[in-house]
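J.: I would like to see how this sequence folds:
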Amino acid sequence: KLGHSLISMGLLKEDTLKSILSAHMFEGLRVARQMKTGRFLFKEKLKADYLKPSFNPVNFNELYKQSIVVDEEYPFIQKNINSCVIDTNIKNLHLLPSGSLNNLLPGKNPVANPFDIAESDGLAFLINNLKKRFDFLIIDSPPVLPINDTLHLVEQSDGIALIVKSGYINRINIKKAVVQLRSVKADFVGVILNQVDMKKERYYNYYHEYYTG
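T.: Alright, predicted model coming up:
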């Protein structure tokens, strides 16, 4: 890279280059966040694009975090987020779908997989942005077992509810899931049992005795 060559030739010090590039990138980020309109596209990257460069005086991710202002408005980004939110037929209920499953298949996009998305700064930004618009956010996450993508969402959540399909999973696995959630200090609010067949005799007898006893 040009910067590496200039430093090697003694024409420029690394600290000076870092200061200049940081200021330039910082201002670029500030201008980009204030954009109201624009066009963008995504293209598949090569494996070499993900290799750590031998010379990189500026940590762009850290610089990006430093440039974020908590209550700052991001017109263009917010406009695109809002365009993805779907109004349902239920009053005050909105849905943000995950998108096509084909985009998450191996070989399609090396960074678009659930694990990377769950721990990304982009998802954290999205959640914080949606919190400003809605009173409650309910995240339908992947199963806790056998993968642990959900555990990365704990820091973004005020509470975790474990949903269990009646008669589908045994108690041992449920306990394992609870242990995993508590291991990352999740605010575990409880278990929701769904698809319960109330017509089965055991459920009928239980509720009959409970309400008539």
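J.: hey, let's count contacts and neighbours off CA atoms from now on
T.: Will do.
J.: show me the contacts for residue 179.
T.: Under the criterion of C-alpha atoms under 8 Å, 6 or more residues apart in numbering, residue 179 has no neighbours.
J.: burial of residue 183, as a residue count?
T.: Close neighbours of residue 183, defined as other C-alpha atoms under 10 Å, add up to 10.
J.: please apply the same query to residue 6.
T.: 14.
J.: and it, what does it touch?
T.: residue 12 are the contacts of residue 6 under C-alpha under 8 Å, 6+ apart.
J.: is it true that residue 190 lies in a strand?
T.: Yes: checked against DSSP: H, G, I helix; E, B strand; the rest coil, residue 190 lies within a strand.
J.: tell me the phi and psi of the spatially closest residue to it that is not a sequence neighbour?
T.: Excluding its sequence neighbours, the residue lying closest to residue 190 (C-alpha to C-alpha, 6 or more residues apart in numbering) is residue 161, at 5.3 Å. Dihedral pair for residue 161: phi -120, psi 130, per degrees, to the nearest 10.
J.: quick check: residue 161 vs residue 136, distance?
T.: 14 Å (C-alpha to C-alpha, to the nearest Å).
J.: look up how far residue 27 lies from the residue nearest to residue 190.
T.: Taking C-alpha to C-alpha, one finds residue 161 at 42 Å from residue 27.
J.: mind saving the C-alpha coords of stretch 61-80 as CSV?
T.: The C-alpha coordinates for stretch 61-80 follow below in CSV (Å, rounded to 0.1, in the frame of the first residue of the first chain):
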residue,chain,number,x,y,z
ASN,A,61,-14.5,-0.7,13.3
GLU,A,62,-13.2,1.1,16.4
LEU,A,63,-13.3,4.5,14.6
TYR,A,64,-16.9,3.8,13.6
LYS,A,65,-17.9,3.1,17.2
GLN,A,66,-16.2,6.3,18.3
SER,A,67,-18.1,8.3,15.7
ILE,A,68,-21.5,7.1,16.7
VAL,A,69,-23.6,9.7,18.6
VAL,A,70,-26.4,8.1,20.7
ASP,A,71,-29.3,10.4,19.8
GLU,A,72,-28.2,11.3,16.3
GLU,A,73,-30.6,10.9,13.4
TYR,A,74,-29.6,8.9,10.4
PRO,A,75,-32.2,9.8,7.7
PHE,A,76,-31.1,7.5,4.8
ILE,A,77,-30.5,4.5,7.0
GLN,A,78,-33.7,5.0,9.0
LYS,A,79,-35.7,5.4,5.7
ASN,A,80,-34.4,2.0,4.5
